[in-house]
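S.K.: quick one, fold the following:
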Amino acid sequence: MPKLFSDPEAIAEDIIRDVGTNLVVGLPLGLGKANHIINALYARAAADRSINLTFFSALTLEKPKPNNLLERRFIGPVIDRLFGSYPDLAYADALHAGALPPNVKIIEFFFLAGRWLHVPFAQQHYISANYTHASSYLLARGLNVVTQLVARRVVDGAARYSLSCNTDTTLDILRARAEGRASFKLIGQVNSELPFMPGLGDLPGQEFSAVLDSPETDFPLFAPPAEPISDTKYAIGLHAAGLVRDGGTLQIGIGQVGDALAQGLVVRHRDNTQFHAIMKRLARGNEQLSALETGPFEKGLYGVSEMLFEAFLGLIDAGIIKRDVDGVMLHGAFFLGPKSFYRALREMPPDQLARIQMMPVSFTNELYGDEAAKRRARVDARFVNNAMMATLMGAAISDGLDDGQVVSGVGGQYNFVAQAFALAGARSLLALEATRPAGARTQSNIRWNYGHETIPRHLRDVFVTEYGVADTKGKSDADVIAAMLQVTDSRFQAELARVAKDAGKLPKNFEIPAAHRENFPERIADALKPAREAGLLPSFPFGSDFTEPEQRLIPALQVLQDAQRTPLRLPGLLWQGLFRQPDAADSECLTRLGLDKPVTLVERAYRALVSAALVRSRKD
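M.R.: So this is what the prediction gives:
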């Protein structure tokens, strides 16, 4: 049985005594990090330069850090409420400060999006890797310790520990250890909020060398609140929802598009007439409408996704995810979500929880290993993932910039694109917003070319923007360009078409069909407005940890953020707010920000700006 500890420093000392001073420590992606043990090991290495410490990880989670008065007043109470005493990771603070000791290395293969831009050490030590390759890279570096957050349960008088949120790489390297291909110490830290998940991650105590279990080291799980879904994200999700076949298989990647897609599927299933009406307003061109899958889910879907999040539980509750594969309707490899998500898993009846199985990432992201069974299960699969940009000829940019800076990581995206090509009837759906703000300007996310790519154009399949669906699989370059132009924002179509023609990739007489020359944000907002007003497309379809005043403030603060990109808008908002008397609801929002009784000139200015932004956000 494992050695039991109640003190992080003591377990760190025990690890060093057992393993030595050359530590190669694997940390689970995201939620499953044993923060107290990690910090204790880091503190020992920082104090003793004879210890060489390498942390190999991905998705280092950090609490939000507000930058100005409004952000501090808005997000400060949210951080206190949702994260409470969540212990910060000391190595992350040192990385940001450029103060990492020379005997400590942090190596990650997936970043929290945008968090490590222009941090030289993080950028230099990033490993570009498919999710399924991470475990082999870890083993090749001489992995000798794995620390993991676990749930604990006593069965027949013996403690059992669940890998819970992170079976992903841990189960794969445990298999390597069992086969004699690796030798490392598995160290657990018990967390009372972590759901005990059944399946392969339910381990006996003897798998662990040591376990930290104490009320003093228990902490609230990292629980990022759901973000409101914009019209753009809803349009993307709805288009994608029209591509999912009843009786098929579903994978969804990280981000708001997943929530939007799930709610689109719920509307399609529960209120099919309304779904048809929404799509008729949203989709331009008879060819797009005729290609849609629009019926309710009689057979239901089977879910197999590296990431599980709250929307999947919404799809189960709606009776959409229900197709069994050997008694399981949903396989996943890691999970992350709001407090309500963790609570739902903890309180789920055992017979229902047994139909959700956490697996190694080699299972969810690959066909290798029992390939015949996976092929039988993953019929008509739809793999839905996010991209930042795409080229007119069908390459996708999802993880980095053309100057080499890494934004996030490849993760499982390539894995799922490859599966889509390997499985009969499967499709890879890459979702992206057609534009993004760039200072005072707007830029197209669909480019002629770009100096970096994540998915090469020979693996092009389906792209989805708010303006529609571009099916590029197996098509000629000219046909791909034509399809991509149809889902491009119309402010950029003419110039992109001109560049393609100049390169000889489009006929000189090519014209974008009239139905696709009105791709403007206003058209999307108008198309979704009736469904928004009817409550079919709520900002938070699966619940929210934000209070009602906070939910009203979020779009208003977004208005202010957008206005900062075009400073001439700020004086108009300020002037409007100075002469406006807030109603009761807006007064509640101002009170939430401590602006109900402004004292300083700065507070008075912020009060006026927020007051005007609350009005503007309702109009938008």
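
S.K.: ok, Leu430 touching Gly394?
M.R.: No - with contacts defined as Cβ atoms under 8 Å, Leu430 does not count as touching Gly394, sitting 9.5 Å away. The C-beta positions use only the backbone N, C-alpha and C, and glycine is treated the same way.

S.K.: now Ser57: phi and psi?
M.R.: phi -160, psi -170 (degrees, to the nearest 10).

S.K.: which ones are touching it?
M.R.: Gly26, Leu27, Pro28, Leu29, Lys33, Ile106, Ile107, Glu108 (Cβ atoms under 8 Å, 6 or more residues apart in numbering).

S.K.: and for Leu430 and Gly394, which residues touch both?
M.R.: Phe463.

S.K.: comparing those two, which residue is more hemmed in?
M.R.: The neighbour comparison of Leu430 against Gly394 (other Cβ atoms under 10 Å) goes to Leu430, with 29 against 25.

S.K.: partners of whichever strand or helix holds that one, with directions?
M.R.: Here Leu430 sits within strand 427-431, counting by DSSP states H and E. The strands beside strand 427-431 in its sheet (DSSP bridges) come out as strand 381-386 (parallel), strand 462-465 (parallel).

S.K.: please convert those to a markdown table, extending it with mean pLDDT.
M.R.: Converted to a markdown table, those look like this (pLDDT from 0 to 100):
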| stretch | mean pLDDT |
| --- | --- |
| strand 381-386 | 98 |
| strand 462-465 | 98 |
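
S.K.: can I get those in JSON lines including mean neighbour count and distance to Asp562?
M.R.: Output for these, formatted as JSON lines (neighbours: other Cβ atoms under 10 Å; distance: least, Cβ to Cβ, whole Å):
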{"stretch": "strand 381-386", "mean neighbour count": "26", "distance to Asp562": "21"}
{"stretch": "strand 462-465", "mean neighbour count": "25", "distance to Asp562": "20"}
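
S.K.: pLDDT wise, what is the closest residue to Gly98 other than its chain neighbours at?
M.R.: Of all residues not flanking Gly98 in the chain, Phe121 sits nearest, at 7.3 Å (Cβ to Cβ, 6 or more residues apart in numbering). As predicted, Phe121 sits at a pLDDT of 96.

S.K.: contact partners for Phe121?
M.R.: Leu95, Gly98, Leu100, Ile106.

S.K.: still on that earlier bit, put the alpha carbons of the strand holding Leu430 into PDB.
M.R.: Below are the C-alpha coordinates for strand 427-431, written out as PDB (Å, rounded to 0.1, in the frame of the first residue of the first chain):
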ATOM      1  CA  ARG A 427     -15.900  14.200 -41.400                       C
ATOM      2  CA  SER A 428     -13.500  16.700 -39.700                       C
ATOM      3  CA  LEU A 429     -15.200  20.000 -39.000                       C
ATOM      4  CA  LEU A 430     -12.800  22.900 -38.300                       C
ATOM      5  CA  ALA A 431     -14.700  25.900 -36.900                       C
END
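
S.K.: what's the spacing between stretch 536-555 and its chain's center?
M.R.: Relative to its chain's centre, stretch 536-555 lies at 18 Å (Cα atoms, centre = their mean, to the nearest Å).

S.K.: run through who's touching it.
M.R.: Against stretch 536-555 from outside (Cβ under 8 Å, 6+ apart): 74, 78, 81-82, 223, 225-229, 234, 259, 262-263, 266-267, 271, 274, 278, 310-311, 313-314, 338-340, 528, 531, 585-586, 588-589, 591-593, 610, 614, 617, 620.

S.K.: if we use 6 Å, what do you get?
M.R.: 82, 225-226, 228-229, 234, 263, 267, 274, 310-311, 314, 338, 340, 531, 588-589, 592, 617 (Cβ atoms under 6 Å, 6 or more residues apart in numbering).

S.K.: just the ones of those residues in strands?
M.R.: The strands, defined by DSSP state E, take in nothing from those.

S.K.: drop anything exposed from these.
M.R.: 82, 225-226, 228-229, 234, 263, 267, 274, 310-311, 314, 338, 340, 531, 588-589, 592, 617 (16 or more other Cβ atoms under 10 Å).

S.K.: good, we can wrap up now.
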